[in-house]
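> Model the structure of this input:
(chains A and B)
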Amino acid sequence: MTFRDLVAISAGNLSRMKLRTFLTVSGVVIAIGTFVAMVSFGAGNQKYISDQFDKLGLFSTMQVHRQTKTAAGDSTGARLLDGQALTDLSKIPGVRLAYPFDAITVTVAMADSQLSAKAQALPVSAMQTRLFSQLRTGGSFSSDSAKETVVTPQFLHLFGITHPDSIIGDTIVISVRVATVDSGLAGLLPRDSGWVRQQVRAIRFDSLFQSEYRQRQAKRLTNDAISRFVNGFFNHRAVLKETLTVVGVLEERGTGHTRMEPIILPVSIAAKFRSAGLSDDPTALFSALSQGTIFSLDSAASSRSYPQITLDVDPAVPLKSISDSVKALGFQPFSFAEMFEEMQKFFFYFNLALSVVGLIALVTASLGIVNTMVMSILERRREIGVLKSLGADDRHIRILFLVESGVIGAIGSVVGIVVGWGVTRIASLIIKHYMEREGVGPVELFALPVWLILTAVAVGIVVSVAAGYYPASRAARVDPVEALRNE
Amino acid sequence: MIHTTEVCRHYTRGPQVIKAVDAVSITISEREFVAVVGSSGSGKSTLLNLLAGLDSPTAGTIEFRGTTLNMLTRRGLSQYRAKSVGIMFQSFNLIYHRTALENVELALYFNGSSFKERRVAAAAILERLGLADRMTHRPADLSGGEQQRVALARALVKKPEILLADEPTGNLDQENARQIMELLTELNRQGLTVVIVTHDMDIAGQYAHRLIRMHYGRVVASPISAAGGRA
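Numbers count the residues shown, from 1 in each chain, chains lettered A, B, ... in the order given. Sure thing, here's the model as predicted:
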């Protein structure tokens, strides 16, 4: 007896009992439909995030930070992300490009509007990576020294621009108010000889032997010096301006993926602002003080440190090896691909939880299958007896009934997938309608990947066959003499 | 061909032991036409089930061409039924939702025949038994005689070595009974061993070579020469 024979006999038997078969299959259809719809939601979310990661080039991006904790237990001795670090990181096998996150605070003037914003320097080569090559309109700047800029949708939002195309070719004026350490140091110098005399007179030399007195005098002089340095630093500022042409607008992206400032500048333009001195932003001063770079400021990139370096990596090279190399250099790597792997684990459990709902329905449907098959055996005892008298053994009868259950499962699964998918289409249309009403870009939250189709069919058939096992075993045990005698 | 030695088939119903077949020793030779006769409850159908391998003896042995049936596994007995034995029943036992052709084909599902082989063999045997124009009919659309001929075709299609028929004429009128018995006689003449179980002494005496009379599970007078027997 071939498998084809078994399926043909089973299909024939099922088609004879149309209503009962329809009702039993309907149970499986509803169960598989629920299973598909639920898991489709998880798969859709997973696909959306995966597509976003892929679209933004995050799978080939690794970010490098300073170590937050060294062997000493703090970040004091951690290696700086400076020019040397940039060179070392770019030499790691699999790293196609290494570029720093180099941001400055600028004042942007466009038409009649003026506001303060952050600008980020990027080499042209970085603009060609997937992370920055997704442009809504326009293109990248032509060279690292071009007087051009690329802006982000955030920039458009800041200036109230609704049509990205309208800004291409427009000029913006970037200006930076800089303060130099020299002006701060100048503030420390004595203003006149009288000031020195006054300070000396204020000291009671006979009290210098007292420790408490000495500490008080030291604090007073230090406070005075810091006050004069900071006043000198912020009171002697210069303004540096550059007129740039907007050549492109980057594509919108979700927040939290990568640091990206509203204005992207060619590196030479940013360096010009940098070489003029520290930004008048107080955080720039504190950052320089904390990093110990306040007295090493100059135009050379090698002497500057960055909060972060981004690596564009070859997807063919295992991320682990690149990550290990970064750690070996004394830095802390962060890989979006590794983060995605963690998210995959989450989605696995998420899908599992969703599929449980469908499986509960399937268990209920399986009871219907058991009922149908038991009824079928009671009605077909004579047929079983005849088949046994013709040479069918227990195995043939068992397989016959298992195949019958499997056919119910297969038909139920296929129709259930179609029904489940139909339900998700309707749900998707309703969700998209509400998203559009709320002004959110429509997102496809459902997906029907091949693995889900195969899993649904497999689950439907396996559960149905399992449900048919008890009735099939019962059928196999039918005594032919008894079955034929009853007639 | 078939030899039974002290074969018993006892059933236990509570404290009561029913001796359906009790210490029966018979031999059926090749090409014989044997009729097992007896009144209702004499154990003749049980003996036929034992010879068919549908039932197993509680004591004694049944040998078919040197193979002891009691020693075969359930699968071995199924193979025996699938290849060596053709069985007919009084109530035909055709499957009502299948056509005559499909009913006959069923007998070939379990001996390794392909779909094409099954179809050709089933059509040929139905044609031979005069049912060429009834192949696509379901049992409900056939007369009793035609149904029994379909059952005979189903028993013969696998070319068995022995045909066991349980009251083959029990549900037929006289004319149809005569036709069936003549068919069995013809098949026996062509070399098929035939064993029928019947309570109709006239039919048994007219067509069988030898009668085995059973009474309360025992063979009471064996063998009895029959009128139709070859001298």
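
> burial count for A:G422?
For A:G422, the neighbour count with other C-beta atoms under 10 Å in any protein chain shown is 13. Every C-beta, even on glycine, is put in place using the N, C-alpha and C of the backbone.

> cool, and the one 5 residues further on?
Using other C-beta under 10 Å, A:A427 is surrounded by 15 other residues.

> And for the closest residue to chain B within the stretch 351-487 of chain A, nearest residue in space, chain neighbours not counted?
Taking C-beta to the nearest C-beta as the measure, the stretch 351-487 of chain A has A:G391 as its residue closest to chain B, at 2.4 Å. Spatially, and ignoring its direct neighbours in sequence, A:G391 is nearest to B:A82 (2.4 Å; C-beta to C-beta, 6 or more residues apart in numbering or on different chains).

> what do you get for A:V36?
A:G420 (2.9 Å).

> how far away is the one you found from A:L454?
To A:L454, A:G420 is 14 Å away according to C-beta to C-beta, to the nearest Å.

> picking that back up, which residues sit in contact with the residue of the stretch 351-487 of chain A closest to chain B?
B:78-79, B:81-83, B:107, B:109-111, B:158 (C-beta atoms under 8 Å, 6 or more residues apart in numbering or on different chains).

> Mind checking which of these are buried?
B:78-79, B:81-82, B:107, B:109-111, B:158 (16 or more other C-beta atoms under 10 Å in any protein chain shown).

> what sits against A:D312?
When contacts are counted by C-beta under 8 Å, 6+ apart, A:D312 touches A:57, A:60-61, A:95-99, A:126, A:129, A:131.

> Of those residues, which is the nearest to A:I172?
Here the nearest of the contacts of A:D312 to A:I172, counting by C-beta to C-beta, is A:A126; it sits at 20.8 Å.

> Can you name the element that comes right after the one helix or strand the closest one maps to?
Counting by DSSP states H and E, the element that carries A:A126 is helix A:124-127. Going down the chain from helix A:124-127, the next helix or strand is helix A:130-133, by DSSP H and E.

> mind listing what's buried in that following helix?
A:131-132.

> Let me see the mean pLDDT of the following helix or strand past it.
As assigned by DSSP H and E, the chain's next helix or strand after helix A:130-133 is strand A:135-138. Averaging pLDDT along strand A:135-138 yields 86.

> name the helices or strands packed onto the next helix or strand after strand A:135-138?
Scanning forward in sequence from strand A:135-138 by DSSP H and E, the next helix or strand is strand A:148-151. Using 3 or more C-beta pairs under 8 Å, 6 or more residues apart in numbering or on different chains; DSSP states H and E, the elements in contact with strand A:148-151 are strand A:237-250, strand A:263-266.

> Would you mind finding the most buried of these?
The highest average neighbour count among the helices and strands packed on strand A:148-151, using mean count of other C-beta atoms under 10 Å in any protein chain shown, belongs to strand A:263-266 at a mean of 26.

> Only alpha carbons, please: show the next helix or strand after that one as PDB.
Using DSSP H and E, the helix or strand that directly follows strand A:263-266 along the chain is helix A:267-275. The C-alpha trace of helix A:267-275 is given here as PDB (Å, rounded to 0.1, in the frame of the first residue of the first chain):
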ATOM      1  CA  VAL A 267      36.000  67.600   7.900                       C
ATOM      2  CA  SER A 268      38.100  70.600   6.700                       C
ATOM      3  CA  ILE A 269      35.300  73.000   7.500                       C
ATOM      4  CA  ALA A 270      34.800  71.600  10.900                       C
ATOM      5  CA  ALA A 271      38.600  71.700  11.500                       C
ATOM      6  CA  LYS A 272      38.600  75.400  10.700                       C
ATOM      7  CA  PHE A 273      36.100  76.100  13.500                       C
ATOM      8  CA  ARG A 274      38.000  73.800  15.800                       C
ATOM      9  CA  SER A 275      41.400  75.400  15.200                       C
END
